[in-house]
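1. How does the following fold in three dimensions:
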Amino acid sequence: MILHMYFARRFSVALLAIAAVLGTLVVLVDLIDQTRKFADFGVGFPQRLGLTLLNVPETINQILPLIMILGTVTLFISLARSSELVVTRAAGRSAIRALVAPVGVALVLGILATTTLGPIVAATSKRYATLAETYRSGGASALSVSEEGLWLRQGSDAGQTVIRAARSNADASVLYDVSFVAYAPSGGPVRRIEAASAALQNGAWSLRKAKVWPLTAGLNPEANAITHDILAVPSTLTLDRIRETLGTPSGVSIWDMPDFIAQLEQAGFSARHHRVWMQAQLARPLFLIGMVLVAAAFTMRHTRFGGTGTAVLAAVLLGFALYFIRSFAQILGENGQIPLMLSAWTAPIASILLGLGLLLRTEDG
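-> Numbers count the residues shown, from 1 in each chain. The predicted structure is shown next:
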């Protein structure tokens, strides 16, 4: 048990060091990217730094398999150089038993990444999207799906507009049973519109069978209501932004994902992308364990045998290949070309079996 705790502590320190180095690089690169994106909007350095820091959790979440591979490589190369692996094997412990602690750490980190880091990423991603839209257009544009239907909010210097639709077509290009409530910059409502449908075209909502009620003080809204067969309402939203919001499952906490999927389907959208993402998150601890086993299979040997650089390169390349296969399988699952469970769980299980196979092959007997 003492030896397991020792290996677990060494592995945790290696992971923290790798995460710190990569996190610093991520901040520097993303800060340059934010400067490029918002150079024409007069956004100051503190605001750009804030956007960068909001992006860091999502990037760390994405590169966690790479951190796991590099941490495993660092651990076992250091153990091999200090001959601690030789002593461990001489004491009668096999490579599989020596991996109990790193695999345990990977399992714990995978569970924490799914249950804790994922919701943090969801919160920071939403905050980043809100701030970025505010800096671009001066008003926040947002989308949410609830049991009452689809809710949108668009903003500009003229004020905010809240949009509610009972349902939408599959690609969010047309909304049905739509209600628009426009607010003045001071905050009070100034106009209400009810329409049979609304289509976003050329920077404006094209409303069909629309009725407009003025909400100005002193006017009778119903007596002054106007009916239009076709009515154009300016918009700061775009179809790409709406679809991007709906198509980003990482913006929803895994704890809220089942309800969000049900609401999406009730609103008329396809939730297959979100279902695949949720299953992939549940399978994530297994994938991280697979990364540990694959990296260990190439580096659990004494340095006197030589070829350490080649072994490290092979471990990293194989890890990237498995990550690519996992991503490709998820894409196939999202497109409906392979079953949902198969797309999310095949790559993690295959990674574990591949790592175990390589380890057993290198073991004497």
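2. Only C-alpha atoms from now on, for both contacts and neighbour counts.
-> Fine.
3. Flag the shaky bits of the stretch 151-300 of the chain, pLDDT-wise.
-> Along the stretch 151-300 of the chain, segments meeting pLDDT under 70 span 170-172, 240-247, 266-269.
4. Tell me where it has strands.
-> Secondary structure of the stretch 151-300 of the chain (DSSP state E, counting those that start in this stretch): strands at 159-168, 174-183, 189-201, 204-214, 226-234.
5. So which bits of the last one are buried?
-> Residues of strand 226-234 classed as buried under the neighbour-count rule (16 or more other C-alpha atoms under 10 Å) are 231, 232.
6. How many residues are close by residue 39?
-> Residue 39 sits with 12 neighbouring residues when counted by other C-alpha atoms under 10 Å.
7. switch to numbering from 3
-> With 3 as the first residue, the last one maps to residue 41.
8. Roughly how far does it sit from residue 238?
-> Between residue 41 and residue 238 the computed distance is 20 Å (C-alpha to C-alpha, to the nearest Å).
9. Quick check: chain neighbours aside, which residue is closest to residue 293?
-> Among residues not flanking residue 293 along the chain, residue 71 sits closest, at 5.7 Å (C-alpha to C-alpha, 6 or more residues apart in numbering).
10. possible to save the strands of the stretch 153-302 of the chain as a markdown table with distance to residue 23?
-> Converted to a markdown table, the strands of the stretch 153-302 of the chain look like this (distance: least, C-alpha to C-alpha, whole Å):
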| stretch | distance to residue 23 |
| --- | --- |
| strand 161-170 | 42 |
| strand 176-185 | 46 |
| strand 191-203 | 44 |
| strand 206-216 | 46 |
| strand 228-236 | 46 |
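11. now for those, which one comes closest to residue 347?
-> Closest of the strands of the stretch 153-302 of the chain to residue 347 is strand 161-170, at 31.3 Å (criterion: C-alpha to C-alpha).
12. packing partners for that closest one?
-> strand 151-158, strand 176-185, helix 259-269 (3 or more C-alpha pairs under 8 Å, 6 or more residues apart in numbering; DSSP states H and E).
13. let's see 10 Å
-> Applying 3 or more C-alpha pairs under 10 Å, 6 or more residues apart in numbering; DSSP states H and E, one finds that strand 161-170 makes contact with strand 144-148, strand 151-158, strand 176-185, strand 191-203, helix 259-269.
14. Starting from the second one, tell me which strands it pairs with and how they run.
-> According to DSSP bridges, strand 151-158 forms sheet pairs with strand 144-148 (antiparallel), strand 161-170 (antiparallel).
15. Give me the distance between the residue nearest to residue 293 and residue 325.
-> 11 Å.
16. So for these two, which residue has more residues nearby?
-> Neighbours per residue (other C-alpha under 10 Å) separate residue 71 from residue 325, with residue 71 holding more: 28 against 19.
17. Pull out the buried residues from the host helix or strand of the more buried one.
-> If you go by DSSP states H and E, residue 71 is part of helix 66-83. Within helix 66-83, the residues scored as buried using 16+ other C-alpha under 10 Å are 66-82.
18. Check stretch 156-165 too.
-> Within stretch 156-165, the residues scored as buried using 16+ other C-alpha under 10 Å are 156, 157, 158, 161, 162, 163, 164, 165.
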